[in-house]
Each structure stands twice: as structure tokens, then as C-alpha cells.
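Chemist: What follows is a predicted protein model with its sequence.
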Amino acid sequence: MNKKEIYIKYVPHGINEKHFYPINEFMTDQFDALKEMKKRVFSGKEYEFVLLYNARNIRRKCAPDLIAAWSYFCDEIGPENASKCALLMHTQALDDNGTDLPAVVNLLCSEDYKNVIINEDRLPTDQMNLLYNCCDAVALISSNEGWGLSLTEGMMCGKPIIATVTGGMQDQMRFEDINGNWFTPSKEIPSNHFGTYKRCGDWAFPVYPSNMSLVGSIPTPYIWDDRADFRDIANQIAHVWDIKLKNPQEYEQICKAAREWVTSDESMMSARWMAKNVIEGINETFDKWKPRAKFEFIKIETLKQKSIPHPLVY
């Protein structure tokens, strides 16, 4: 009996770079629409620094942790500076799969200077592009995440990202291994959540988990839950804020690097590359296609016990 061959092709998520892009004052129509969006979302108030959270209000997205981090960040920079900053949360205010976010805001954030704006509008693509352009950075601090599309969309709009080092969000940070290559998970090092590698893209402000818990359910018995300390999140928020306000030229270079890399051939995170990879994958499937036999003999053997191929600490 011949052993079956299995082919796996990895296709990263892709975002249409013509739908999500940075808006500047020379783009007259879009710039006017952006100003109107800011007036509507921020109720006419102008802010020096805006951090965007665009994700569902569900537990693994850790939205309350981000609010706690924002509160701590505001305390650290002081009321005067904090009053010029805003956390914009594009999500459900209440969700049975998450929590009551207004209650969390009321508990942790003073109305005097800790500005948290919850926006529940269902927006089409062009309006979402405006929303990303309203902010200065995008944060997603999930405890486990397959990809994290809001990070990719934010980078398409030329925004730096603040994210937990877990799951697919690591790919978007472009960590480098000891040879200077883009880190690829392996049996020896399946994840960088221990912080094995620290060097990453200039646009990425990683938050390494402070602890890891093995969680799961009946369909998915085990998955690592990488929990970030809200103080570590706050420190990275402060880092981006400090660069944006005190070194605008460096900030602009970071924004430019985000857009350039996420649209590059290396990242393959644009819609054109996703479509190309899917087409190549389908063609490869046809090329290697072998018709299934009318019947086959299967030898019944004891299943090999599953076990992790790496030590618990790597």
C-alpha cells in the first residue's frame, strides 16, 4: 500500500491596496470626506493621538485589557497630555460573547481626560478606509488570533501596529531569525511568543505575553492562550505616542514602511498576491491530481498517540 502524499500551501490573507490606503491633503475628495468622518466620530473635537481598535467584542480579543492599558497610559502621561488623546473602539458596546464595554470604561476611565469612544456603525469599505485614516496606530491585543485582519488593513493605510505576539499576528510583525530571515515557525520553534527573536519590522510594536494558559473546548481541545499584561500594552502605546508627537519624521518613516512592506512581494499580503497564490494552488492541485480508486484496502492499525514535537519551553 502506497503512502498518500499530502500537499499544503500557505496563502496569507490579502487586502486590496486600492481599497485601503493612506489619505493626504492632495487627495481633495477623500481628504474632505476624512475631515467629515473625524467630525462625526469625534463629535467635532480634535485629538493629537488616536489609537484604533477594530474587532469584535469577544473574550479572546481582550478589549477590556486594552481599556485598562489605555487608562494606565493616560495616568502615565498625565491629564493634560491624555486629554488630547483618544481610544477609538469600532466594536459592539455589549456582547454576550464579550462584556459590557461602557461599564468597563466607566469603571476604569475618568471622563475628565481618558477619552474612550465606542463606535458601533456598520461601515462599507470606503468608510472603513476613512476610519483607519482617522487614527495614528492600530491595536489588537488578542490572547489568540489566527490572523488579525484589522492589523493588515491598518498597515495598508500606513499605520503602525501594536499587537500581542501570538498566532498569525506574528507574521505581520516580520520577526527576523538569527540569520536575518523572516521568522518561519518550525517544530523546534513553533511560535515566537516566548520572545526568542526581538528584531521585527519598524511598523510593529510587539507585546510579548506575560503568561500562557492552555485552554480549549471539545472541538478544539487545546490552544495556547497568550495573555499580555496591560502595563506592557500601555508601554507600547506610550512608545508610539512619544514618537508621533516628539519625532514626527521618524513616525512618517514608520508609516511609510508599514505600507511599503504590506504591499510588497515579500509579504504577499495584498489581494493581488492572495489571488495569485490561490490560482497557483488550484493549478498545482490539478497538475498533481490522481483519480481516486474505486476501492482501497486499509490496514487497521493502532493510532499513534499525539504529542507535541517540541519541548514546552523552546
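Modeler: Nice, I can see it.
Chemist: show me where the protein has helices.
Modeler: Ranges of helices in the chain, per DSSP state H, are 28-41, 63-77, 79-82, 101-108, 125-133, 149-156, 169-173, 230-246, 248-262, 271-287.
Chemist: what packs against the first one?
Modeler: Taking 3 or more Cβ pairs under 8 Å, 6 or more residues apart in numbering; DSSP states H and E as contact, the helices and strands that helix 28-41 lies on are helix 125-133. (Glycine included, C-beta is placed from N, CA and C.)
Chemist: quick one: low-confidence parts of the stretch 51-200 of the chain?
Modeler: In the predicted model, the stretch 51-200 of the chain carries no residue with pLDDT under 70.
Chemist: and of the helices of the chain, who's closest to Lys198?
Modeler: helix 169-173 (10.6 Å; Cβ to Cβ).
Chemist: So which elements touch the closest one?
Modeler: Using 3+ Cβ pairs under 8 Å, 6+ apart: helix 169-173 touches helix 149-156, strand 161-164, strand 204-207.
Chemist: Mind putting those into TSV with distance to Asp225 and mean neighbour count?
Modeler: Formatted as TSV, the helices and strands packed on helix 169-173 follow (distance: least, Cβ to Cβ, whole Å; neighbours: other Cβ atoms under 10 Å):
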stretch	distance to Asp225	mean neighbour count
helix 149-156	19	25
strand 161-164	10	26
strand 204-207	14	24
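Chemist: Could you dump the ones you listed into CSV and include distance to Ala63?
Modeler: Shown next, in CSV, are those (distance: least, Cβ to Cβ, whole Å):
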stretch, distance to Ala63
helix 149-156, 12
strand 161-164, 13
strand 204-207, 15
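Chemist: Quick check: which of those is nearest to Val105?
Modeler: Nearest to Val105, of the helices and strands packed on helix 169-173 and by Cβ to Cβ, is strand 161-164 at 18.9 Å.
Chemist: what packs against that closest one?
Modeler: strand 137-140, helix 149-156, helix 169-173, strand 204-207, helix 230-246.
Chemist: now do 6 Å
Modeler: strand 137-140, helix 149-156, strand 204-207 (3 or more Cβ pairs under 6 Å, 6 or more residues apart in numbering; DSSP states H and E).
Chemist: State the paired neighbours of it in the sheet, together with their directions.
Modeler: Strand 161-164 has the following strand partners under DSSP bridges: strand 137-140 (parallel), strand 204-207 (parallel).
Chemist: what about that strand, distance to the chain center?
Modeler: Distance of strand 161-164 from its chain centroid, counting by Cα atoms, centre = their mean, to the nearest Å, is 6 Å.
Chemist: Need the CA coordinates for it. CSV is fine.
Modeler: Output of strand 161-164 as CSV, limited to C-alpha atoms (Å, rounded to 0.1, in the frame of the first residue of the first chain):
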residue,chain,number,x,y,z
ILE,A,161,0.5,48.3,14.8
ILE,A,162,0.5,47.3,18.5
ALA,A,163,-0.2,43.6,18.9
THR,A,164,0.3,40.5,21.1
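Chemist: hang on, the earlier thing: of all the helices and strands packed on helix 169-173, which one comes closest to Pro291?
Modeler: Nearest of the helices and strands packed on helix 169-173 (Cβ to Cβ): helix 149-156, 37.5 Å.
Chemist: orientation of the closest one relative to helix 125-133 in degrees?
Modeler: 80 degrees (axes from the mean of the first three to the mean of the last three Cα atoms, to 10 degrees).
Chemist: just to revisit the earlier point, got a markdown table for the strands paired with strand 161-164, with distance to Asn277 too?
Modeler: What follows is the strands paired with strand 161-164, written out as a markdown table (distance: least, Cβ to Cβ, whole Å):
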| stretch | distance to Asn277 |
| --- | --- |
| strand 137-140 | 24 |
| strand 204-207 | 23 |
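Chemist: correct me, but Lys38 touches Cys134?
Modeler: Yes: using Cβ atoms under 6 Å, Lys38 is in contact with Cys134, at 5.4 Å.
Chemist: Who has more neighbours out of those two?
Modeler: Using other Cβ atoms under 10 Å as the criterion, Lys38 and Cys134 rank with Cys134 on top: 22 against 19.
Chemist: For Arg40, see how far away that one is.
Modeler: 10 Å (Cβ to Cβ, to the nearest Å).
Chemist: For those two, list the residues in contact with both.
Modeler: Counting by Cβ atoms under 6 Å, 6 or more residues apart in numbering, Cys134 and Arg40 have no contacts in common.
Chemist: Appreciated, that's everything.
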